[in-house]
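A.B. asks: Predicted model and sequence follow; I will ask about them next.
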Amino acid sequence: MEDLLLDKKIAIVHEWFTTLGGSEKVIEQLIKIFPNADLFSLFDFLPEKERVFLGSKKVQTSFLQTMPLINLKNYRTYLPFMPLAVEQLNLAKYDVIISNCHAVSKGVITSPEQLHLSYIHTPMRYAWDMQNTYLKTSGLKSITGAIARILLHYVRNWDVIASMRPDKLLANSGFIARRIKKIYRRDSQILYPPVDTDYFTPLGPREDFYLVASRFVPYKRVDLVAEAFRKMPDKKLVIIGDGPELPRLRHLFGGNVTWLGYQPAEALRDHLRRCRSFIFAAKEDFGIMPLEAQACGAPVIAFGEGGATETVRGQGAAGQTGLFFDEQSVDSLQSAVLEFENLAPSITVDDCRANAELFSNQRFRREFLGFVTTAWDDFRKSQ
C-alpha cells in the first residue's frame with residue numbers, strides 16, 4: 001500500500017521555526033518519511049546552528065516573514081494576522097497536505113481533490129486556555145489589551161472553523177484527543193510523537209542530584225520545583241534552561257539549587273544519564289522530556305495530569321518508571337520526592353529504557369506512514 005504515495009506531491013506545513021523543540025522533532029521525522037515533500041511555514045527565524053535537522057530543505061514562508069519589525073522575540077504579537085497568513089499559502093499543486101499544528105497550520109486552504117491530514121499537538125492555547133499568558137508575554141496591556149481580547153475572540157471563532165478543514169485529525173496524546181473532542185467536536189486518532197532513543201541512552205552510574213530541563217515559561221512551573229528544593233537543603237537540584245521567566249526565577253537559584261542556563265544536547269544527555277531523577281512539574285500536552293529521561297534510564301517524578309500520565313508508569317504500574325504528585329504545590333512535590341527515595345531501588349534502568357523505546361523514532365515513522373497511506377487509499381476510493 002505504501003507504493004500509493006510514491007508519485008504523489010506532498011506538502012508539510014509547520015507553524016513557525018524559532019527553536020528546536022518537540023514539534024520540530026516531528027518535522028524532522030516527517031522529512032525522513034517524505035524526503036521529497038516541500039516545507040511551508042508562516043516564518044522562519046531558526047538559528048543556523050539548529051537547522052541541521054532540516055537537511056537541505058528550503059522553508060517557504062508567508063508574508064509575515066517580511067512584516068515590519070517582526071523578529072524572534074515578538075512574533076507572537078502577530079497572532080491576529082496568522083489566520084490570514086496561513087490561508088494565503090499556495091498549496092494548489094499538492095496531492096497530500098500534512099499540517100503539524102499547535103496553532104493555525106490546520107487552517108490552510110485545500111480543494112476537494114486534495115487530502116489534508118493534521119497532526120494536532122494542542123488546540124490553539126493562545127486563544128483558549130492560555131489567553132491571559134499570551135496577553136502578558138506579548139506585552140499587550142490596558143487599552144491595547146482590550147483590543148487584543150476582542151481579536152482573540154475572532155481567533156477562537158476562526159480556530160473552530162479551521163478545525164473542520166482537515167480530512168482527518170491525529171492527536172499527539174489521549175489528553176489532546178479529549179481536548180480536540182471538547183473544543184472542536186471532532187474525533188481523532190492518537191499517535192504519540194517520536195523520541196530519539198538512539199541518541200538518548202543510559203551510560204554509567206546515577207548520581208545524587210535531581211534534574212529539571214525546561215524553557216522558562218509560566219506553565220512549566222520551574223519556580224515550583226526550585227522553591228520545593230530550597231526547602232529541602234539536603235537535596236541537590238540542577239536546572240537547565242532559560243527563557244522569559246528568568247528574571248522572576250533568579251532569586252530561587254543558589255545554594256542547593258544550581259542553574260546551568262542553556263546547554264547543548266550533549267550536556268543535556270549527560271545530565272539525564274547521571275541524575276537521580278528527572279522532575280516534570282508542567283501540565284503538558286505530551287511532554288517529550290520525561291521520555292528522553294527514561295531513555296537515558298532516569299526515573300521521572302511528574303505532575304499527575306496531562307500527557308505525562310501516558311508516558312510515565314506511576315505508582316502501582318508494572319515496570320514502574322516513576323511516580324506522580326497530585327497538586328502543583330511545594331508540599332505535594334516534596335512528598336513525592338520523599339516517596340521516590342523510598343521506592344528508588346525498585347525502579348530500574350531497564351524498565352525506564354523499555355518504556356521509552358515504545359515511543360521511538362522508528363515506531364513513529366512506521367505508524368505515521370501507515371496512517372497516511374490508509375487515509376490516501378480511503379480518500380482515493382471516495383472520489
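C.D. replies: That came through, no problem.
A.B. asks: Bridged to residue 257, which residues?
C.D. replies: Going by DSSP bridges, residue 257 is paired in beta bridges with residue 237, residue 254.
A.B. asks: gap between it and residue 336?
C.D. replies: Counting by Cβ to Cβ, to the nearest Å, the gap from residue 257 to residue 336 is 17 Å. C-betas here are computed from N, CA, C, even on glycine.
A.B. asks: And for residue 351?
C.D. replies: 18 Å.
A.B. asks: When these two are compared, which one has more neighbours?
C.D. replies: Between residue 351 and residue 336, residue 336 has the larger neighbour count (other Cβ atoms under 10 Å), namely 24 against 20.
A.B. asks: Setting aside sequence neighbours, what's the nearest residue to the more buried one?
C.D. replies: Nearest non-adjacent residue to residue 336, counting by Cβ to Cβ, 6 or more residues apart in numbering: residue 325, 3.7 Å away.
A.B. asks: Am I right that that neighbour is in contact with residue 338?
C.D. replies: No. In this structure, residue 325 is not within contact of residue 338 by Cβ atoms under 8 Å, at 10.7 Å.
A.B. asks: can you give me the strands for this structure?
C.D. replies: With DSSP state E as the criterion, the chain has strands at 10-17, 38-44, 59-61, 96-101, 115-120, 168-171, 189-190, 210-213, 237-240, 257-261, 277-280, 300-303, 322-325.
A.B. asks: what packs against the longest one?
C.D. replies: Strand 10-17 sits against helix 22-33, strand 38-44, strand 96-101, with contacts defined as 3 or more Cβ pairs under 8 Å, 6 or more residues apart in numbering; DSSP states H and E.
A.B. asks: between the shortest one and strand 10-17, what angle do the directions make?
C.D. replies: Angle between the axes of strand 96-101 and strand 10-17 is 20 degrees (criterion: axes from the mean of the first three to the mean of the last three Cα atoms, to 10 degrees).
A.B. asks: got it, and the longest one?
C.D. replies: For helix 22-33 and strand 10-17, the angle between their directions (the same axes, to 10 degrees) works out to 160 degrees.
A.B. asks: Now helix 22-33 - C-alpha only, PDB.
C.D. replies: In PDB, the C-alpha atoms belonging to helix 22-33 read as follows (Å, rounded to 0.1, in the frame of the first residue of the first chain):
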ATOM      1  CA  GLY A  22       9.300  18.700  20.300                       C
ATOM      2  CA  SER A  23       7.200  20.000  17.400                       C
ATOM      3  CA  GLU A  24      10.300  20.400  15.300                       C
ATOM      4  CA  LYS A  25      11.400  16.900  16.100                       C
ATOM      5  CA  VAL A  26       8.200  15.700  14.500                       C
ATOM      6  CA  ILE A  27       9.100  17.700  11.400                       C
ATOM      7  CA  GLU A  28      12.500  16.000  11.400                       C
ATOM      8  CA  GLN A  29      10.800  12.600  11.200                       C
ATOM      9  CA  LEU A  30       8.200  13.700   8.600                       C
ATOM     10  CA  ILE A  31      11.100  14.800   6.400                       C
ATOM     11  CA  LYS A  32      12.600  11.300   6.700                       C
ATOM     12  CA  ILE A  33       9.300   9.700   5.900                       C
END
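A.B. asks: Going by neighbour count, which residues in it are buried?
C.D. replies: Neighbour counts over helix 22-33 (16 or more other Cβ atoms under 10 Å) mark 22-31, 33 as buried.
A.B. asks: pLDDT-wise, what's the bottom of those?
C.D. replies: The member of the buried residues of helix 22-33 with the lowest pLDDT is residue 22, and it reads 86.
A.B. asks: State the distance from that residue to residue 286.
C.D. replies: Taken as Cβ to Cβ, the span from residue 22 to residue 286 is 7 Å.
A.B. asks: which residues are common contacts for these two?
C.D. replies: 121, 193 (Cβ atoms under 8 Å, 6 or more residues apart in numbering).
A.B. asks: can you pull the contacts of residue 43?
C.D. replies: Residues near residue 43 by Cβ under 8 Å, 6+ apart: 16-17, 61-62, 64-65, 70, 75.
A.B. asks: ranking those by neighbours, who comes first?
C.D. replies: When neighbours are counted by other Cβ under 10 Å, residue 16 leads these with 27 neighbours.
A.B. asks: Tell me what that residue is bridged to.
C.D. replies: residue 43.
A.B. asks: one step back: more neighbours: which of residue 325 and residue 338?
C.D. replies: More neighbours surround residue 325 than the other of residue 325 and residue 338, with 24 against 12 (other Cβ under 10 Å).
A.B. asks: Just list whatever residues bridge to that one.
C.D. replies: For residue 325, the beta-bridge partners are residue 303 (DSSP bridges).
A.B. asks: Sketch out the low-pLDDT regions of the stretch 51-200 of the chain for me.
C.D. replies: Within the stretch 51-200 of the chain, the set of residues satisfying pLDDT under 70 comprises 126-127, 129-149.
A.B. asks: so where do the helices sit in it?
C.D. replies: With DSSP state H, counting those that start in this stretch as the criterion, the stretch 51-200 of the chain has helices at 82-87, 131-137, 142-162, 174-184.
A.B. asks: neighbours around residue 383, how many?
C.D. replies: 7.
A.B. asks: Leaving out the residues flanking it, which one is nearest to it?
C.D. replies: Per Cβ to Cβ, 6+ apart, closest to residue 383 is residue 113, 7.6 Å.
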